[in-house]
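Asks: Coordinates only, no sequence provided:
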């Protein structure tokens, strides 16, 4: 995966799965019964154990540290509750400039050192077996939760906030950006080999709004990081801006399953590594169908400059052997001689 | 709007709004307090009154009959409950082939004549002032509700259903298609000048799945209708298949705000009328911002072959004067001489 992100040709396409450390794994569910979400996230030994589960049990080519994008909002001073099987809730979301009183760009060591401890511990356990991915939410996606206080189908409250109070929105986005840069730098110092930015709600924005409210902050973050670590931007649904994202200093771009890999290569100007894009719901198909569809996906991306992944997080109801079938199908894929070397 | 859909050049771009008869209008809210959702839908005099409200109060260039896409599932034999402010629930969704026992391609007159009565009554009241749009849900979107039993973020149950039981899924899609063709033909006989197919959940499918599970049924429906009535396909999020949809017999294609109009023209091969694509959340902006953004949108679509609309339904919390500002901004728009005549 590291060599792929460095732009090198590889013997075989690397593979991992977003949310690979999670609810589809029985061993994760055992820990979930015993410990609350934030106990799992904030206890380095538990986070390490969870991070390693899919490496050992599914055979993925990278570990991603078990954590949550909302820990950054906690560090910035906001209360975040995680209601099991329902999602996050911020009981007191940001509504106006007054709320700036209780929000800060925090000292990362004071607030988030448990993440860095989990990263160090995981690195030791991994002992070089596979690289370790750190991550953070992109500023736009964190602003969504900061203002709405919970998930939403349309996130129209945060959009209205950004349209009615653009100065305040940009001030908050800049504070999140500063926090995220400091946080990811600490993750790299602690041992993260790669960092991924998750802009889960990018796809709710028009191309112009994405380029105003999201991309400038993503660009700042990857610019601050990309000399020191390999970086991946996953702006879900923002296919329309693949060209602009391909011209940032990021090393890779994630894409979801709603864009054909050939089209994505074209839109990204064949100038960057792509990651994705198997439909997570398709892992509910029978295994022979999964194998067939993985073959198609692999041939569309080509031999190189591709990290196989899902197009979004794995669903909790995916059978473990289906997840394994996905990973195995990538690993054992033989390209037809006719398939391109991978546009790049 | 009719002349635009016929491919003719027009003096001014026509405008309407999806869900224009709805919760943002105080007069609608008064009827909502008195009558349940299905009373409003099934009582032709109420449906007519609600349909006419935005024509009189907002000045839109078309009426769309007040109804719901799920009445087709009721007609096919399924129970549908509408929980106010929460959305539809089917207490007994389809799970297996056994459920075919209780589903039928119904006689439209026996089951849905109240819709046709509302259409006739509305046509009389409109007296030629503006055209009347009839509509139905596209088969894929109706299958989503049929199988999931309610709204969903990912609709992974219906996707799993389609992957695990493709024959049954296609049998159900074909039954919905047959019902929809008969239903829309009756709407046209009753007086609908235009019909729109809403594929609200098209955007959850990969391009290949859209072309397998949705487009063939949409194509059957527009092929059966397009000689007798003007047809619009709105497959939300299916930007990747604009080219294929532009080659069906439909007269117009709806697009959402997540695609730039210039890109949409290009993908649709400049061969079809486009409808859209103002971000519904942007109607929460201050009126001067709405006016500025409408100008930008209009200039991107060009002078002709465009029906101005939102990119999805109007939100309940939009102030009425903001909705009116949107419509007025379209009506009063003056194209710069430099703006193209409208690619087509």
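Replies: Arrived safely, thanks for sending. Only a predicted model underlies this, so the values are computations on that prediction, with no experimental measurement involved.

Asks: touching chain B at all, the lengthiest helix in chain A?
Replies: In chain A, assigned by DSSP state H, the helix with the most residues is helix A:166-190. No: applying C-beta under 8 Å from any C-beta of the partner chain, one finds helix A:166-190 separated from chain B by no less than 9.3 Å. C-betas here are computed from N, CA, C, even on glycine.

Asks: How about the residues of chain A by chain B?
Replies: Within chain A, the positions near chain B by C-beta under 8 Å from any C-beta are A:151, A:153-156, A:159-160, A:163-164, A:203-209, A:237, A:239-240, A:257-260, A:263, A:279-282, A:284-286, A:289, A:315, A:317.

Asks: Among these, name the ones in helices.
Replies: A:156, A:159-160, A:163-164, A:207-209, A:263, A:289.

Asks: For chain A, which segments count as strands?
Replies: Assigned by DSSP state E, the strands in chain A fall at A:63-64, A:81-83, A:87-89, A:132-137, A:194-199, A:230-235, A:252-254, A:273-278, A:306-310.

Asks: Comparing the ones you listed by mean pLDDT, which bottoms out?
Replies: For the strands of chain A, mean pLDDT drops lowest on strand A:81-83, to a mean of 88.

Asks: For that one, list every residue counted as buried.
Replies: For strand A:81-83, burial by neighbour count (16 or more other C-beta atoms under 10 Å in any protein chain shown) applies to residue A:82.

Asks: Does anything pack onto it? Which helices or strands?
Replies: Other helices and strands packing on strand A:81-83, by 3 or more C-beta pairs under 8 Å, 6 or more residues apart in numbering or on different chains; DSSP states H and E, are strand A:87-89.

Asks: Show me what the strand it packs on is in contact with.
Replies: The set of residues external to strand A:87-89 that reach it, using C-beta atoms under 8 Å, 6 or more residues apart in numbering or on different chains, is A:68, A:70, A:80-83, A:145, A:149-151.

Asks: From the residues you listed, pick the one nearest residue B:13.
Replies: Closest to residue B:13 out of these is residue A:151 (36.1 Å), distances taken as C-beta to C-beta.

Asks: confidence score at that closest one?
Replies: 90.

Asks: Compute the distance from the centre of stretch A:74-82 to the centre of its chain.
Replies: From the chain centre to the centre of stretch A:74-82 is a distance of 20 Å (C-alpha atoms, centre = their mean, to the nearest Å).

Asks: swap that for stretch A:253-263, please
Replies: Stretch A:253-263 sits 15 Å away from the centroid of its parent chain (C-alpha atoms, centre = their mean).

Asks: Where does the prediction get shaky in chain A?
Replies: Applying pLDDT under 70 to chain A flags residues A:339-344.

Asks: Name the member of the contacts of strand A:87-89 with the most neighbours.
Replies: residue A:145 (28 neighbours; other C-beta atoms under 10 Å in any protein chain shown).

Asks: quick one on the thing from earlier: which one of the ones in helices among the residues of chain A next to chain B has the most neighbours?
Replies: When neighbours are counted by other C-beta under 10 Å, residue A:159 leads those with 28 neighbours.

Asks: Next up, the contacts around the nearest residue to that residue once chain neighbours are set aside.
Replies: Once flanking residues are discounted, residue A:159 sits nearest to residue B:281: 3.9 Å by C-beta to C-beta, 6 or more residues apart in numbering or on different chains. By C-beta under 8 Å, 6+ apart, residue B:281 lies in contact with A:154-156, A:159-160, A:163, B:315.

Asks: For these, give me JSON lines that also has distance to residue A:226.
Replies: Converted to JSON lines, these look like this (distance: C-beta to C-beta, whole Å):
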{"residue": "A:154", "distance to residue A:226": "33"}
{"residue": "A:155", "distance to residue A:226": "28"}
{"residue": "A:156", "distance to residue A:226": "34"}
{"residue": "A:159", "distance to residue A:226": "29"}
{"residue": "A:160", "distance to residue A:226": "34"}
{"residue": "A:163", "distance to residue A:226": "31"}
{"residue": "B:315", "distance to residue A:226": "39"}
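
Asks: hmm, which two among those are most spread apart?
Replies: Most distant of the contacts of residue B:281, by C-beta to C-beta, are A:154 and A:163, 13.6 Å apart.

Asks: Across the sheet, point out what pairs with the residue nearest in space to the middle of chain A.
Replies: By C-alpha atoms, centre = their mean, the mean C-alpha position of chain A lies nearest to residue A:198, the distance being 4.1 Å. Assessed by DSSP bridges, residue A:198 has beta-bridge partners residue A:137, residue A:234.

Asks: any idea how far residue A:43 is from it?
Replies: Distance of residue A:198 to residue A:43, given as C-beta to C-beta, to the nearest Å: 22 Å.

Asks: and what of residue A:285?
Replies: With distances taken as C-beta to C-beta, residue A:285 is found 36 Å from residue A:43.

Asks: Then residue A:187?
Replies: Going from residue A:187 to residue A:43 by C-beta to C-beta gives 18 Å.

Asks: of the two, who's got more company?
Replies: Neighbours of residue A:187 and residue A:43, each counted by other C-beta under 10 Å, are more numerous for residue A:187; the result is 26 against 17.

Asks: shouldn't that one be in contact with residue A:113?
Replies: No: look at residue A:187 against residue A:113 with C-beta atoms under 8 Å: they stay out of range, at 11.3 Å.

Asks: of all the ones in helices among the residues of chain A next to chain B, which two lie farthest apart?
Replies: By the measure C-beta to C-beta, A:164 and A:289 form the most distant pair in those, at 47.3 Å.

Asks: Would you confirm that residue A:138 contacts residue A:235?
Replies: Yes: judged on C-beta under 8 Å, residue A:138 makes contact with residue A:235 at a distance of 6.8 Å.

Asks: quick one: common contacting residues for these two?
Replies: Shared contacts of residue A:138 and residue A:235, counting by C-beta under 8 Å, 6+ apart, come down to A:199, A:202, A:214, A:218.

Asks: Mind giving me the PyMOL select for the residues you listed, buried ones only?
Replies: Remark: buried members of the shared contacts of residue A:138 and residue A:235, expressed as a PyMOL selection using 16+ other C-beta under 10 Å:
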select buried, chain A and resi 199+202+214+218
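
Asks: Between which two of the shared contacts of residue A:138 and residue A:235 is the distance greatest?
Replies: Spanning the widest gap among the shared contacts of residue A:138 and residue A:235 are A:202 and A:218, at 8.9 Å by C-beta to C-beta.

Asks: mind listing what residue A:74 touches?
Replies: A:80, A:111.
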